[in-house]
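**Q** Sequence plus predicted model, see below.
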Amino acid sequence: MRLSELQNAGRAPALPLTLSLADAAGPAELQLLTLLRVLPGQRYVGAGVWRGRTVLAKLLVGSKASRHFQRELEGVRALAAQGVTTPLLLADGLQAGEGGWLLFEYLENAASLGDAWKAVEHLPALADQQQAVLAEALGAIAGLHQKGLWQQDLHLDNLLRRDDQLYWIDGAGIGVEQAGQPLSRQKVLENLGVFFAQLPKRFEPFTEELLVWYLLANAEHALPLEALQKQIDKVRQWRLKDFLAKTCRECSLFSVEDSASRFQAVRRDEVQSMPAVLDRADELLDAGHLYKTGGAASVARVEVQGRPLVIKRYNIKNFSHWLKRFWRPSRAWHSWREGNRLAFLDIATPKPLAVREERVLGLRRRAYLVTEYLDGPDLIAKWAPYVANAEVPENELVALDELLAQLRRERISHGDLKGHNLFWHDGRWALIDLDALCQHGSAASFAPAYARDRARLLRNWPADSALYRLLEQRIPATADEQHPG
């Protein structure tokens with residue numbers, strides 16, 4: 001295969017494939033055996049064999065190939081020139097009309113810090129195992145900054161560990177301020193803002209504690225926590241906006257179909273199973289355990305190949321109802337978007353897996369949402385024994401405090417915060433039924449919405465009950481009030 005043919009190979013070209021490339025020693029064949037990362041029509045990264053040696057290949061095609069090749073090459077050379085540990089570049093080339101390629105030594109038995117983080121992320125915030133991973137990363141970032149470099153696409157997957165040695169990868173993201181001189185304070189703050197913004201919000205109280213690991217390796221600048229927090233908030237807002245846009249377009253995270261006959265979005269890691277679930281949604285709903293049927297929505301727990309799921313179908317009740325719904329995004333689409341928003345913000349909710357809107361000439365009809373099933377009691381059932389005595393386990397009260405604090409911090413109102421929409425799962429309260437969920441742009445619009453959510457939550461129990469009185473005192477009365485404990 002010619003390198004330029006990759007431009008039309010799509011997301012999953014047949015492997016293995018053989019490409020004819022050439023370096024200073026002459027032409028040779030690269031046999032590409034696996035693909036690790038793909039940006040269709042632009043970038044293909046994978047492992048293969050070149051001149052009898054296993055290599056990591058970055059293949060760049062399309063109209064932007066030359067620019068991407070130069071960025072990658074300049075970044076790799078900048079790392080090497082400053083003595084930063086990075087995989088050795090074995091060969092590279094750029095050919096007009098074909099594309100560019102870079103072949104690196106393949107690090108056998110290497111694992112990314114991203115993989116190490118995934119193994120411990122579920123632990124309580126700043127557990128020793130988590131701190132070990134983050135300390136390692138912050139030390140490496142500090143070392144990079146001492147050399148006058150920074151990684152613009154700063155995330156844990158761009159650090160590989162092999163035999164206790166860390167390697168920086170992805171030269172295309174390497175920025176240079178003044179090579180060999182420590183990075184300026186503003187650049188340090190901006191880059192650390194990118195790093196900390198990717199941690200779950202529950203780690204925010206530990207930013208100062210974690211920053212110590214950076215300062216132990218690079219104490220060139222005083223780093224005011226307030227200035228750093230501003231950078232973190234700025235990056236978080238951008239990342240959320242970017243992520244929500246991706247939930248509705250074709251990308252590495254989501255498979256999306258948008259046509260006059262339907263809109264469909266599926267998590268990329270569910271693309272082999274979810275379209276078939278959506279195709280059979282009505283049949284599965286009829287055979288499943290119904291929670292709600294008829295009216296504006298039908299909801300059921302179903303089982304697909306031994307896996308429990310929840311399917312929610314948003315019905316069109318009649319012609320007048322259709323006239324109100326056809327011209328605007330469906331409630332399924334809204335719940336899909338808001339479920340992804342909550343997951344991104346580390347607020348517990350069933351993972352949204354797929355959504356489909358049926359359309360006729362672009363006009364919306366029925367819609368479907370598929371989510372994971374959470375196995376646990378709702379708030380009403382969980383706290384039924386405590387209505388009269390209010391002897392609720394403290395960990396469950398604290399978990400509710402934390403959930404409500406998250407919602408206040410992010411200015412998110414649920415819109416129907418009844419007890420049946422809160423489920424106990426893995427030591428946290430998870431939100432379901434996100435049809436009316438809203439993230440407000442101002443404190444003024446959030447305040448009355450919070451008051452309605454609080455009132456709806458308290459109405460789950462009689463006003464003269466001990467549980468009501470406990471919660472009425474415990475839950476902040478206003479959106480800007482902090483819990484006294």
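**A** Sure thing, it's come through. Numbering: from 1, shown residues only.

**Q** In PDB, could you pull the C-alpha coordinates for the longest helix seen in the chain?
**A** Ordering each helix of the chain by length in residues (DSSP state H) puts helix 225-246 first. Only the C-alpha atoms of helix 225-246 are listed here, as PDB (Å, rounded to 0.1, in the frame of the first residue of the first chain):
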ATOM      1  CA  LEU A 225      -2.700  28.900  44.600                       C
ATOM      2  CA  GLU A 226      -5.300  31.500  43.600                       C
ATOM      3  CA  ALA A 227      -3.600  32.100  40.300                       C
ATOM      4  CA  LEU A 228      -3.300  28.400  39.600                       C
ATOM      5  CA  GLN A 229      -7.000  27.900  40.500                       C
ATOM      6  CA  LYS A 230      -8.000  30.500  37.900                       C
ATOM      7  CA  GLN A 231      -6.100  28.600  35.300                       C
ATOM      8  CA  ILE A 232      -7.600  25.300  36.400                       C
ATOM      9  CA  ASP A 233     -11.100  26.800  36.200                       C
ATOM     10  CA  LYS A 234     -10.500  28.300  32.800                       C
ATOM     11  CA  VAL A 235      -9.200  25.000  31.300                       C
ATOM     12  CA  ARG A 236     -12.100  23.000  32.900                       C
ATOM     13  CA  GLN A 237     -14.700  25.300  31.300                       C
ATOM     14  CA  TRP A 238     -13.000  24.900  27.900                       C
ATOM     15  CA  ARG A 239     -12.700  21.100  28.300                       C
ATOM     16  CA  LEU A 240     -16.300  20.700  29.300                       C
ATOM     17  CA  LYS A 241     -17.500  22.700  26.300                       C
ATOM     18  CA  ASP A 242     -15.300  20.800  24.000                       C
ATOM     19  CA  PHE A 243     -16.400  17.400  25.400                       C
ATOM     20  CA  LEU A 244     -20.100  18.200  25.100                       C
ATOM     21  CA  ALA A 245     -19.600  19.200  21.500                       C
ATOM     22  CA  LYS A 246     -17.900  15.800  20.900                       C
END
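
**Q** Tell me which helix or strand comes right after that helix.
**A** strand 254-258 (DSSP states H and E).

**Q** That following strand packs against which elements?
**A** Where contact means 3 or more C-beta pairs under 8 Å, 6 or more residues apart in numbering; DSSP states H and E, strand 254-258 is packed against strand 262-267. Bear in mind the C-beta positions are built from the backbone N, C-alpha and C, glycine included.

**Q** Strand partners (parallel or antiparallel) of the strand it packs on?
**A** Paired neighbours of strand 262-267 in the sheet (DSSP bridges): strand 254-258 (antiparallel), strand 352-360 (antiparallel).

**Q** Determine the set of other helices and strands touching the longest helix of the chain.
**A** The helices and strands touching helix 225-246, judged by 3+ C-beta pairs under 8 Å, 6+ apart, are helix 185-197, helix 207-217, helix 331-344.

**Q** related to what we said a few turns ago, now, of the strands paired with strand 262-267, which is deepest in the fold?
**A** Highest mean neighbour count of those: strand 352-360, a mean of 22 (counted as mean count of other C-beta atoms under 10 Å).

**Q** Please pull up the helix or strand immediately following that one.
**A** strand 363-372.

**Q** What helices and strands are in contact with that following strand?
**A** helix 274-279, strand 307-314, helix 331-344, strand 352-360.

**Q** quick one: which of these has the weakest pLDDT on average?
**A** Lowest mean pLDDT within the helices and strands packed on strand 363-372: strand 352-360, a mean of 90.

**Q** top strand in the protein by residue count?
**A** Using DSSP state E, we find that the single longest strand of the chain is strand 26-39.

**Q** Contacts for that strand next, please.
**A** 11-13, 15-22, 43-51, 55, 57, 59, 101, 103, 252 (C-beta atoms under 8 Å, 6 or more residues apart in numbering).

**Q** Based on its surroundings, how many neighbours for the residue nearest to residue 105 when sequence neighbours are not counted?
**A** Of all residues not flanking residue 105 in the chain, residue 88 sits nearest, at 4.4 Å (C-beta to C-beta, 6 or more residues apart in numbering). For residue 88, the count of nearby residues is 11 (other C-beta atoms under 10 Å).

**Q** Quick check: pLDDT value at residue 122.
**A** Listed pLDDT for residue 122 reads 87.

**Q** ugh, typo on my part, it should be residue 484
**A** pLDDT at residue 484 comes out at 45.

**Q** buried set for the helix or strand containing residue 137?
**A** Assigned by DSSP H and E, residue 137 belongs to helix 128-146. By 16 or more other C-beta atoms under 10 Å, the buried positions in helix 128-146 come out as 130-131, 133-146.
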